[in-house]
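Novice: Got a predicted structure here, sequence first:
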Amino acid sequence: MTKLHLVYFSPSGSTEKIVRTVASGIEGLPVETIDLLTSSSRKKRYTFGKDDLVIFGMMTAGKLFTLSDEVFECLEGNDTPFIGVVTFGNGYYGIALNEMLRRAEGRGFKVAALGAFVARHSMDTTIAEGRPDAHDKEIMADFGRKAFEKIKSGDLTLHVKPTTNWSSWEMGNKVIAYREEHPDEPYMLPTECKAKEISDACIKCMTCVKHCPVDAIDIEAKTFDVEKCIGCWGCINRCPKHAITSTSKQVAEIMSSFGKASTKRLEPEIFM
């Protein structure tokens, strides 16, 4: 292998950090970073060869996030070794790893290892607050190291396949069951769940605009295009002045229910 490629879609930044921590277990390869957050980055095509190694990370919502079609369509492997990572907010990752496996293989990659890691929940930052912590990071780096050794030995087979990750939350299990039965139906957050507002604390630093994956924010008018918006909460989590908040009653009710059902600490899950 001649190069390590870190490829990620990370609206709030957690998935990027996890991909980089996994990569910290791999030594001796020059590193190239491909951030697929912006619409312009997803309009390019990225081609990888047999001598490349890709660590790919994406957030979940019971399945891969809503832009997974665009993300995978711009990637092309040629029997390229692939380490896949999904992040989830201490609840469930559902069918996301199986979906990543299917999509990556469909784009010409050889999936050698998959991992699901807990990060602070994007919609309620009190859930899994402080995750990933030092213990998580040790597991991530060790995962990267072991996956790299496996790939260097010539073993590109995923011997342990991921299963559906169910939730302790009744509503979550309904979501997972539906998405398991309809694997090709894209995930879309309902419009009523995407309502947000920008307060007078906004200093128009443009952080939210620069990090919006779908160019849905008009900072001058302080408005959001809820039809474009995918509900990733990146704008809320990245705002340095905490000037953006959700005004959706539905989200408040859902997260209250989810928070009560997700108090038990969940650990990373790894498949090789």
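Specialist: Nice, thanks for sending it over. Numbering: from 1, shown residues only.
Novice: only C-alpha atoms for contact and neighbour calcs from this point on.
Specialist: OK.
Novice: residue ranges for the strands of the stretch 1-150 of the chain, please.
Specialist: In the stretch 1-150 of the chain, the segments counted as strands under DSSP state E, counting those that start in this stretch are 3-9, 31-35, 46-47, 52-59, 75-76, 80-88, 109-118.
Novice: Ok, which of those strands comes nearest D142?
Specialist: The closest approach between D142 and any of the strands of the stretch 1-150 of the chain, judged by CA to CA, belongs to strand 109-118 at 11.4 Å.
Novice: ok, that closest one: who's next to it in the sheet?
Specialist: Sheet partners assigned to strand 109-118 using DSSP bridges are listed as strand 80-88 (parallel), strand 269-271 (antiparallel).
Novice: Just put the strands of the stretch 1-150 of the chain in JSON lines and tack on mean pLDDT.
Specialist: As requested, these are exported to JSON lines (pLDDT from 0 to 100):
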{"stretch": "strand 3-9", "mean pLDDT": "98"}
{"stretch": "strand 31-35", "mean pLDDT": "98"}
{"stretch": "strand 46-47", "mean pLDDT": "98"}
{"stretch": "strand 52-59", "mean pLDDT": "98"}
{"stretch": "strand 75-76", "mean pLDDT": "98"}
{"stretch": "strand 80-88", "mean pLDDT": "98"}
{"stretch": "strand 109-118", "mean pLDDT": "98"}
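Novice: Mean neighbour count and distance to E138 added to the ones you listed, as a markdown table?
Specialist: Converted to a markdown table, these look like this (neighbours: other CA atoms under 10 Å; distance: least, CA to CA, whole Å):
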| stretch | mean neighbour count | distance to E138 |
| --- | --- | --- |
| strand 3-9 | 21 | 19 |
| strand 31-35 | 13 | 20 |
| strand 46-47 | 14 | 30 |
| strand 52-59 | 25 | 17 |
| strand 75-76 | 18 | 29 |
| strand 80-88 | 27 | 15 |
| strand 109-118 | 25 | 12 |
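Novice: Let me see the residues that make contact with stretch 158-169.
Specialist: Outside stretch 158-169, the residues that touch it by CA atoms under 8 Å, 6 or more residues apart in numbering are 91-95, 97-98, 111-113, 172-173, 176, 258, 261-262, 271-272.
Novice: same thing but 6 Å
Specialist: Here stretch 158-169 makes contact (CA atoms under 6 Å, 6 or more residues apart in numbering) with 92-95, 112, 173, 261, 271-272.
Novice: Please point out which parts of that stretch sit buried.
Specialist: Neighbour counts over stretch 158-169 (16 or more other CA atoms under 10 Å) mark 162, 164-167, 169 as buried.
Novice: okay, these in CSV with secondary structure, pLDDT and distance to S41 next?
Specialist: Converted to CSV, the buried residues of stretch 158-169 look like this (DSSP: H, G, I helix; E, B strand; the rest coil; pLDDT from 0 to 100; distance: CA to CA, whole Å):
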residue, secondary structure, pLDDT, distance to S41
P162, coil, 96, 29
T164, coil, 96, 31
N165, strand, 96, 31
W166, coil, 96, 33
S167, coil, 94, 33
W169, coil, 94, 36
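Novice: what does the model give Y187 for pLDDT?
Specialist: Residue-level confidence at Y187 comes out at 86, pLDDT.
Novice: ok, and the closest non-adjacent residue to it?
Specialist: On the basis of CA to CA, 6 or more residues apart in numbering, the spatially nearest residue to Y187 that is not a chain neighbour turns out to be T66, at 5.0 Å.
Novice: circling back to that earlier point, tabulate the buried residues of stretch 158-169 in CSV, adding columns for distance to C202.
Specialist: As requested, these are arranged in CSV below (distance: CA to CA, whole Å):
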residue, distance to C202
P162, 43
T164, 41
N165, 39
W166, 39
S167, 37
W169, 36
